[in-house]
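# Need a 3D model of the sequence below.
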Amino acid sequence: MKWLRISTALTGIAACSFMLVQVAPHAREAGAILAAQDDPSALSELKLDALLRRNDRLVQDNIEAALAAGDADLADSFVALARDRNIALPDDLLNRVSDAVKAENSTSHFAKRFATGLVTGNADDVASLSGTVAGDLFVFGDIRDVVREGKHLAMGEDTDRLVLGLAAAGLAVTAATYVSVGGAAPVRAGLTLVKDARKVGRLGEGLAAWAGRSAREVVDTPTLRNAVVSGSVLRPGQTMSAIKAAFRAEKAGALVRLGKDVTRVAEKTGTRGAMDTLRMAEGPKDVARAARLAEAQGGKTRAIMKLLGRGALLLIGGAFDLALALFGAALTLFGLLSSIKATTERLTQAWCDRRRARRLRRARIAADAALADAAVRA
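Numbers count the residues shown, from 1 in each chain. This next block holds a predicted model:
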């Protein structure tokens with residue numbers, strides 16, 4: 001029975017050791033991810049490690065897909081990621097990416113997209129955004145949007161109140177830009193990007209809902225309705241003054257912060273990177289996290305967000321599983337330590353029992369010898 005108990009404890013050590021070897025890597029990874037949950041850059045690096053280990057052709061396949069979709073900027077972002085991760089890419093693929101980037105940045109292409117952004121107010125790349133921002137800085141773009149949406153509002157038609165509110169806020173920020181000699185330009189560009197993302201349907205539902213509430217808070221609707229009824233793109237000064245009267249600057253802090261964060265993303269990842277962020281963001285906190293990620297990862301950010309989605313910014317539904325992995329490892333470690341303790345105690349007890357039995361046997365032999373000697377003398 002004694003040796004059975006020792007064998008059981010040794011079996012427990014072996015079983016727990018085997019289980020610990022299996023769960024330790026997962027627990028270590030889970031612990032690192034949980035520790036990095038408030039650092040988008042570190043979190044994305046850890047998730048990329050796991051993702052790229054499972055598929056060594058993932059980067060190359062995404063470059064091919066980006067080129068096929070005509071997105072040279074995204075393809076170039078994946079090349080930057082491959083370079084950072086020491087992932088070898090075929091020379092012909094690198095040449096194709098380089099040629100696509102040059103074509104996209106050509107003077108003729110830039111001029112065409114600039115004009116499109118200036119006239120339509122829609123942007124999906126650097127050139128068209130430059131045109132859109134230029135239009136908004138000269139109040140043409142924002143007045144166009146306010147008058148168009150305001151007319152719908154005055155006539156009881158379907159109105160995009162978010163575009164209306166962002167355009168009204170943009171007019172006030174434009175005035176501040178002129179007063180500060182460009183100091184508010186980053187906010188102006190960020191608000192323009194949010195407005196354009198809304199127009200082309202690339203603003204995430206959660207962020208759109210939040211921005212819509214914020215836009216309603218900064219606009220006095222009755223005053224704005226009266227302003228746009230008589231407003232016109234052909235009378236920008238008069239229209240701008242009337243619209244500014246409906247803008248509540250004291251309520252615009254949240255939108256201003258959003259504009260700044262969007263611009264921080266765009267400065268590091270380009271317009272399309274900012275658009276990607278606005279599409280996946282569920283609120284302003286996601287955009288702020290994306291800005292931190294972009295500042296840390298630079299040109300690789302678009303590729304990272306393409307691979308990880310919103311998971312590049314925060315833990316999504318995995319905290320419980322990660323905590324469970326840590327708990328399982330801790331439980332296995334506890335079992336191992338308990339088995340070692342039990343084995344040590346039982347081996348020690350067996351050693352003590354053996355020594356006690358040896359002493360008793362010697363005492364018995366000594367007593368028998370003494371009795372025999374006494375019998376002989378008698």
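
# Look up how far Arg356 lies from Arg248.
For Arg248, the distance to Arg356 under the criterion Cβ to Cβ, to the nearest Å works out to 90 Å. (Each C-beta comes from the backbone N, C-alpha and C, glycine too.)

# More neighbours: which of the two?
Comparing Arg248 with Arg356 by other Cβ atoms under 10 Å, the one with more neighbours is Arg248, at 14 against 10.

# Nearest residue to that one in space, ignoring adjacent ones along the chain?
Distances taken as Cβ to Cβ, 6 or more residues apart in numbering place Val218 nearest to Arg248, at 5.0 Å, with adjacent residues excluded.

# give me the number of residues near the one you found?
For Val218, the count of nearby residues is 22 (other Cβ under 10 Å).

# Would you mind measuring from the closest residue to Ala215 other than its chain neighbours to Leu94?
Once flanking residues are discounted, Ala215 sits nearest to Gly165: 2.5 Å by Cβ to Cβ, 6+ apart. Between Gly165 and Leu94 the computed distance is 45 Å (Cβ to Cβ).

# Only alpha carbons, please: show the helix or strand harbouring Ser214 as CSV.
Taking DSSP states H and E as the criterion, Ser214 maps to helix 205-218. What follows is helix 205-218 as a C-alpha-only set of coordinates in CSV (Å, rounded to 0.1, in the frame of the first residue of the first chain):
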residue,chain,number,x,y,z
GLU,A,205,-21.9,52.1,-37.7
GLY,A,206,-20.8,52.6,-34.1
LEU,A,207,-18.6,55.6,-35.0
ALA,A,208,-21.4,57.0,-37.2
ALA,A,209,-23.9,56.8,-34.4
TRP,A,210,-21.5,58.5,-31.9
ALA,A,211,-20.6,61.2,-34.5
GLY,A,212,-24.2,61.8,-35.3
ARG,A,213,-25.1,62.4,-31.6
SER,A,214,-22.1,64.8,-31.3
ALA,A,215,-23.0,66.6,-34.5
ARG,A,216,-26.6,67.2,-33.2
GLU,A,217,-25.1,68.7,-30.0
VAL,A,218,-23.0,71.3,-31.8
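
# Contacts for that helix next, please.
Applying Cβ atoms under 8 Å, 6 or more residues apart in numbering, the set of residues contacting helix 205-218 from outside is 161-162, 164-166, 168-169, 194, 198, 203, 247-249, 251-252, 254-255, 258, 278, 281-284, 286-287.

# Nice, that's everything, thank you.
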